[in-house]
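Please work out how this folds:
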Amino acid sequence: MKHFFYKLKNYFSRGLLINNYNVYAIAFIGCVGHPLYWIWWSYIDPKDYENLTIRIIGIISCSILLTRKYWPTFFKKLFPIYWFFTVTYNLSFFFTIYLINSNFSIIWTAATFSMIYLSIMIIPRYLMFAISLILGVGLATIYCYLLNPNLILFNKEYIIFTYFPVFTFAISTGFIFSYSNTKGLVAQTRAKSLEDLGGSIAHEMRNPLGSIHQSAYILIKKLQEIPESKETNRILISKKEKKELEELLEIIDHSSIRGNMVIDMILSNIKGKDINKSKFKVYQISEVIETAIKEFAFAGSAERAKVSSNIKHDFYFKGDENMLVFVLFNLLKNALYYLKAYPKSRITISTKKEDKGEGEFSYLYFRDTGPGIPKDKLEAIFDSFMTSGKAEGTGLGLPFCRRVITAFDGKIVCNSEVGKYTEFTISFPKLSKEDEERKEELIVKKDTTDYEAIIKEKYGNKAALLADDQLVNRRISANRLEHLGLKVFTAEHGKDALKILETQGDEIDVIFMDLQMPEIDGYEATKLIKSGKKNKEGDKFKSFKKYKNIPIIAFTGDDDDETISKVKECDMQGHIGKSWNNKQLLEILDKAIS
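Now for the predicted structure:
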C-alpha cells in the first residue's frame, strides 16, 4: 500500500505544476471568490441558480491549502494528490455544475472559458489536464442528473455547433500559449541557473583560494626572513623552519584539491547527481574539525579568535573528509558573515558521543551567539536558492550540506532564537558492526609512501609526450615530470603532437593528451594515432612504428561521466587531472605502461 501511494504521489507530482504561487492562487479563488460571488449573485444581482453547500465545500478544501506547511510529514507527501482533486473540484467540477444549472448562460459560458485557461496554467501536462477535465465534467454531469433527472443536461445543437468549437478553441489556444510560456520560462530558468552556478563557484572558490593566497604570502615572508650564506650563496634553515614551510605547502596543496572538489560538488549539486558512497572511509571527527579550522580562510586574527572547538567526546564516522570539511566551511562562512555586526559573538564547535544501544548517534554541534534566524525563515534555510540578506549568497551551500550529511546516513537540523543563538546539530550514525570490524582498514592514515622515489625507480628512464594548449599547465607539468626522471616532449595541440610523433615517436613511451585543444583536439588526435594516421588527410606514419600500442592518458580537469565515457571510446588507457599528485601519477602509469 505504501509503495502504491508513493507511485501515485510521483505520478501526480510530475503532471502538476505545484508551487506556492499556484497554491495561494487557488486558495484565494476558493476562500475569497466563493463567498464574494455567493453574496453578489444571491443578494446584489440574484441569479437563477446558487448552491451554498457546494461553495462551502470549495472554501473548506481551499482553506486546507493554506495550512499546508503545518501538515504532518506523511500527509505532506500526499499533497500532490490532494492538490489535484482540490483543483478539479474548484474548477472543472464546480464550473460545469453552474454551467448546466444556468442552462448554458452567457455568463457561465464565459466563466467556463476562463476556467479552461486557468486549468491549463495549473495542469500543463496534456494527460493530467484531460483526466482532471473529464473527471470534473463527468462527475458534475452525474451530480446534476441525480439531483434533477428532468434537467436538460446537453442540447445537441448548442453542444455541437456552439460550445464544442468555443471550448476546443479555448483548450488548443491555452496549450499553445502554455507551451510557448513554458519554453520561455525554461530559457529564463536556464540562464538564471547558469548565473547562479557561476556565482556559486566564484563564491565557494574564495575559501580555498584565500587559503592558498594566505599560505603563499606567509611562505614568501618566511623565505625572505631566512638569511643567505655569503660563502655558498645558499640558505640554511632549521628543522623547525623546514616543518613550518612544509605545513604551509601542505595547506596550499590541500586547498587546491578542495578547490577542484568545490567545483565538482557544485556541478554535482546542479545536476542532482547522487553522492558516491563506495569510496567512503572512516575518519576521526576531531581531526576533521581541526583541519577545517586550520584551512579556513579567515579574514584576520580577530575573525579567527571568534572560533573555538570543544572536543570532549571524540568519535569515528564513515563518510568523506573533504565533504565534511566543505560542510564546516559553509557553516563558518555563513556564521562569520552574520557576526560582523556582533563583535562579542562567538562560534563554538563541540561534540557529543552516544554509546548506548543500537542505532544511537554521535553529534557535532555548531553554535554561534549571533543574531539568530526568525522562525518563518528557519524552515526554509535548507531549500535551494534560499538566502537571507546575503548580497553575495547563492543559497546553494546549505542544501548541499544536507545532501552530504544525508549521504553519511545522518541528519543536519537547525535551532535558533532571535537575538541569542543559532545552532546546527549534525548527527552521525554509529559505525556498523562490519565497519567496526574493518575500522583499522577503513581509517584514513597519513600516507608516508615515497611515491617520488618509486616513480623515479620504475619510470625514470621513460619518455613522455605532453600535449596541452595551456602554456602554464604545460610548463608546470613538464617540469614536474622531468623532476621525476622522465624525458618530456611538449606539444601545444593535437596537430603539433602528431608532428612530434612522426619524427620522434619511437622514443616516446607514454602520451599525456589534453582533450580540449585547438587545431586537433585530444579525442581526434587519439583516434588518428591509434589508426596510424599523422594528419586529418589520412597520411600514414612512416617513422612512428609503435602507434598501435602507445599508451595514451587523458590529461584533463573534467572527470564527469560523459568525459570518461568518451575517453574509453577513444581507447585511452585512463585519465589524470591537471592538478595530479605523485600517487595518482604512479597509479595511472602502472595501469597504462604495465
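
three-state assignment of the residue of the chain most remote from its centre?
With distances taken as Cα atoms, centre = their mean, the residue sitting farthest from the centre of the chain turns out to be N150, at 60.3 Å. Assigned state for N150: coil (three-state reduction, DSSP: H, G, I helix; E, B strand; the rest coil).

do you know how far Y21 is from M121?
Here the criterion is Cβ to Cβ, to the nearest Å. By it, Y21 lies 10 Å from M121. (Each C-beta comes from the backbone N, C-alpha and C, glycine too.)

out of those two, which sits in the more crowded spot?
More crowded of Y21 and M121, by other Cβ atoms under 10 Å: M121, with 15 against 9.

Show the subsequent helix or strand relative to whatever helix or strand the more buried one lives in.
Per DSSP states H and E: M121 is located in helix 106-122. Using DSSP H and E, the helix or strand that follows helix 106-122 in sequence is helix 126-147.

how far off helix 106-122 does that following helix point, in degrees?
Orientation of helix 126-147 against helix 106-122 (axes from the mean of the first three to the mean of the last three Cα atoms, to 10 degrees) gives an angle of 150 degrees.

What residues sit buried inside helix 126-147?
128-129, 131-133, 135-137, 139-141, 144 (16 or more other Cβ atoms under 10 Å).

between these, which is closest to T422?
For these, the closest approach to T422 (Cβ to Cβ) belongs to M128, at 41.4 Å.

Stretch 300-319: how far from the chain's middle?
26 Å (Cα atoms, centre = their mean, to the nearest Å).

er, stretch 451-459 I mean
Offset of stretch 451-459 from its chain centre (Cα atoms, centre = their mean): 39 Å.

Over to stretch 72-83?
The answer for stretch 72-83 is 25 Å, by Cα atoms, centre = their mean.

Quick one: end-to-end length of it, please.
End-to-end distance of stretch 72-83 (Cα to Cα, to the nearest Å): 16 Å.

do the same with stretch 362-374
Start-to-end, stretch 362-374 (Cα to Cα) is 27 Å.

for Y365, phi and psi?
When read as degrees, to the nearest 10, the backbone of Y365 gives phi -110, psi 130.

With adjacent residues omitted, what lies nearest to it?
Nearest residue to Y365, sequence neighbours excluded (Cβ to Cβ, 6 or more residues apart in numbering): S350, at 4.8 Å.

what residues are up against the one you found?
309-312, 364-365, 367 (Cβ atoms under 8 Å, 6 or more residues apart in numbering).

now the residue farthest from the centre of the chain: how far from I412?
Going from N150 to I412 by Cβ to Cβ gives 64 Å.

again, but for L332
In terms of Cβ to Cβ, L332 sits 15 Å off from I412.

for L528, same thing?
L528 is 51 Å from I412, by Cβ to Cβ.

Could you point out which residue ranges in the chain have low pLDDT?
In the predicted model, the chain carries pLDDT under 70 at residues 1-19, 151-215, 217, 228-236, 253-274, 354-359, 383-396, 444-446.

pretty sure V327 is touching R402, no?
No. At 9.1 Å, V327 does not count as touching R402 under the criterion of Cβ atoms under 8 Å.

and Y24, what does it touch?
Applying Cβ under 8 Å, 6+ apart, the residues contacting Y24 are 65-66.

any idea which element it lies in?
In this structure, Y24 sits in helix 20-28 according to DSSP H and E.

Mind checking what helix or strand follows that helix in sequence?
helix 34-39.
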